[in-house]
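1. Quick one: sequence and predicted model below, then my questions.
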Amino acid sequence: MTIEVKVPQLPESISEATVVGWHKAAGDTVNRDENLVDLETEKVVLEVPAPKDGVLTEIKKNDGDTVEADDVLAIVAPDASPKEKPAEDGEQSAEDKKAGKPTRELEQGSPRTSPSVRKLLEEHDLDPSSLKGTGKDGRLLKEDMLKYLEGKEKSATKEKESEKASLRSPLETKSKGERAERREPMSRLRATVASRLKNAQNTAAMLTTFNDVNLQAVMDIRAKYKEAFEEKHGVRLGMMSFFAKAGVEALKRYPIVNAYVEGDEIVYHDYQDIGIAAASPRGLVVPVVRGVGQKSFAEIEAEIAQLGKKARDGKLTMEELSGGTFTITNGGVFGSMLSTPILNPPQSGILGMHRIEKRPVAENGEVAIRPMMYLALTYDHRIIDGAEAVRFLVTVKEMLEDPARLLLQI
């Protein structure tokens, strides 16, 4: 009895997805829970597993197709082929007997091979002793044969293309100075990011205020305690936990920055869930660290590290990407000196970090060299006044320049 492989129920507010890559081809054997295909939604990539062991008999949706929940992606049928014991050297397999083939002696000392492997050896006139097997005792597996044949086919294709290039007339050859163009469709994530950011510009009255911060005290703490911190907590003491904690204290003092506009109402949050913007192979993502105010520095650093790894691996879930109340973005890791970050709707505030640069500053009437960073706060001027925005940023600055305030909450 065949089984339909369907698009799973999509996360709330997402109506469709895009097929981005099949891991199996029609005719392949599949195992239960093995990932068959990846679907890209507006925020995450979903894996669709095989519902049971069998054979993928038909693929109904190809790469690039748009699908909705419960659409049929493929058909899986039970594997009807008998599970036969691999033939010993010199033995005749059940498959060979049925076909009326004579017993085929393998070369002396060659490892045993299955009927499917022997069939491929015969079809392509290959010597098993010249191929490397990855099975037990060097046994040739079907996967070894397919990999070898695929590589052989690619090599032949490459040779043909090389021959065609050598025969091409001078008029057909592109000159070095020719400027080529290429087009490729936006990924669903990139298109969604583009739409949301443009919507933020069209909807919110965005304004950015700037300040700078002396990070000497933070750097001193990290230098003094980083080894002990990592030894005890098993995680590196980074900069982001200090900024997240400072941001929480500022949000508590100026809760309007932690609010958002809905219709003609202002919605306030009495908690602080901080989105940490991160680059991923698929584009910009903003996983959320929840309840930052109740978490320790070690818990914040561990969660940021875990979410960062999942972002790079494309394993973030919808829950991990939803529901932030405020965002921090660090362009400094890429070398940015100063920027005006765009709001992450429907949030009303986003804090931009930048590169740390040693600069001369005046301290107690003398010039000193200190690690300085420019800070930027972009806010929705519809509900946040300039005075509140500036005071919010000054609070972040004060907390970072005197980190004892974070512990004492003063």
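-> That came through, no problem. Numbers count the residues shown, from 1 in each chain.

2. how near is the nearest residue to G335 once chain neighbours are set aside to M239?
-> Computed as CB to CB, 6 or more residues apart in numbering, the closest residue to G335 that is not its neighbour in sequence is R355, at 5.7 Å. Using the backbone N, CA and C atoms, a C-beta is placed for each residue, glycine as well. Distance of R355 to M239, given as CB to CB, to the nearest Å: 11 Å.

3. before we move on, what about E301?
-> E301 is 10 Å from M239, by CB to CB.

4. Which one's more surrounded, these two?
-> A direct count of neighbours by other CB atoms under 10 Å for E301 and M239 places E301 higher, at 25 against 19.

5. Mind telling me what element that one is part of?
-> Element membership for E301 (DSSP states H and E) is helix 297-313.

6. measure R312 to A277 for me?
-> From R312 over to A277 the distance is 14 Å, taken as CB to CB.

7. Show me which of these two is the more surrounded one.
-> Each of R312 and A277 has its neighbours counted (other CB under 10 Å); A277 has more, 20 against 15.

8. Is the more buried one in contact with F326, as I believe?
-> No: here A277 lies out of contact with F326, judged by CB atoms under 8 Å, at a distance of 11.5 Å.

9. so P341, which of the three states?
-> Secondary structure, DSSP: H, G, I helix; E, B strand; the rest coil: P341 is coil.

10. And the residue nearest to it when sequence neighbours are not counted, how close does it get to D402?
-> Nearest non-adjacent residue to P341, counting by CB to CB, 6+ apart: G352, 4.2 Å away. In this view, G352 and D402 are 22 Å apart by CB to CB.

11. distance between the ends of stretch 256-272?
-> End-to-end distance for stretch 256-272: 12 Å, by CA to CA, to the nearest Å.

12. pLDDT averaged over that stretch, what's the number?
-> The average pLDDT within stretch 256-272 is 95.

13. Then stretch 117-131?
-> Rounded mean pLDDT across stretch 117-131 is 77.

14. Next, the buried residues of that stretch.
-> Neighbour-count burial for stretch 117-131 flags 117-121, 126, 128, 131 (criterion: 16 or more other CB atoms under 10 Å).

15. ok, which pair from the residues you listed is furthest apart?
-> K119 and L131 (14.4 Å; CB to CB).

16. for the helix or strand containing T192, packing partners?
-> With elements taken from DSSP H and E, the one containing T192 is helix 188-203. Counting contacts by 3 or more CB pairs under 8 Å, 6 or more residues apart in numbering; DSSP states H and E, helix 188-203 is packed against strand 283-285.

17. Neighbouring strands of the strand it packs on in the sheet, and parallel or not?
-> Strand 283-285 has the following strand partners under DSSP bridges: strand 278-280 (antiparallel).

18. State the three-state secondary structure for T18.
-> Classified using three-state DSSP, T18 is strand.

19. if I look at it, how far off is L126?
-> Note on T18: its distance to L126, by CB to CB, is 40 Å.

20. same thing with D33?
-> 34 Å.

21. next one: E47
-> 35 Å.

22. sorry, back to before: contacts for the helix holding T192, please.
-> With CB atoms under 8 Å, 6 or more residues apart in numbering as the contact definition, helix 188-203 has outside contacts at 17-18, 40-43, 186, 206, 282-285, 342-345.

23. now stretch 348-359, how far from the centre of its chain.
-> 24 Å (CA atoms, centre = their mean, to the nearest Å).

24. what do you get for stretch 363-377?
-> The answer for stretch 363-377 is 36 Å, by CA atoms, centre = their mean.

25. Next, the buried residues of that stretch.
-> 370-377.

26. could you redo the residues you listed as TSV and give each row pLDDT, distance to G331 and secondary structure?
-> Below are these laid out as TSV (pLDDT from 0 to 100; distance: CB to CB, whole Å; DSSP: H, G, I helix; E, B strand; the rest coil):
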residue	pLDDT	distance to G331	secondary structure
R370	97	20	strand
P371	97	17	strand
M372	97	15	strand
M373	97	11	strand
Y374	97	10	strand
L375	98	11	strand
A376	98	9	strand
L377	98	14	strand
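
27. quick revisit: wait, which of the buried residues of stretch 117-131 is closest to D220?
-> L131 (61.8 Å).

28. Hmm, that closest one is touching K147, no?
-> No: contact criterion CB under 8 Å: L131 and K147 do not qualify, at 10.0 Å.

29. Partner strands of the helix or strand that contains I266 and their direction?
-> In this assignment (DSSP H and E), I266 forms part of strand 265-267. With DSSP bridges as the test, strand 265-267 is paired with strand 260-262 (antiparallel).

30. Spell out, range by range, the helices that occur in the protein.
-> Along the chain, counting by DSSP state H, helices occupy 94-99, 115-123, 142-167, 188-203, 216-233, 240-253, 297-313, 318-321, 386-401, 404-408.

31. Got the domain ranges for this protein?
-> 3-77, 95-155, 188-408 (automatic domain parsing).

32. Any chance of these in CSV with distance to E178 as columns?
-> Formatted as CSV, the domains of the chain follow (distance: least, CB to CB, whole Å):
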stretch, distance to E178
domain 3-77, 29
domain 95-155, 27
domain 188-408, 28
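
33. Relative to A180, which of those is closest?
-> Among the domains of the chain, if distance is taken as CB to CB, the winner is domain 188-408, at 21.9 Å.

34. how much space is there between G54 and R32?
-> For G54 relative to R32 (CB to CB), the value is 9 Å.
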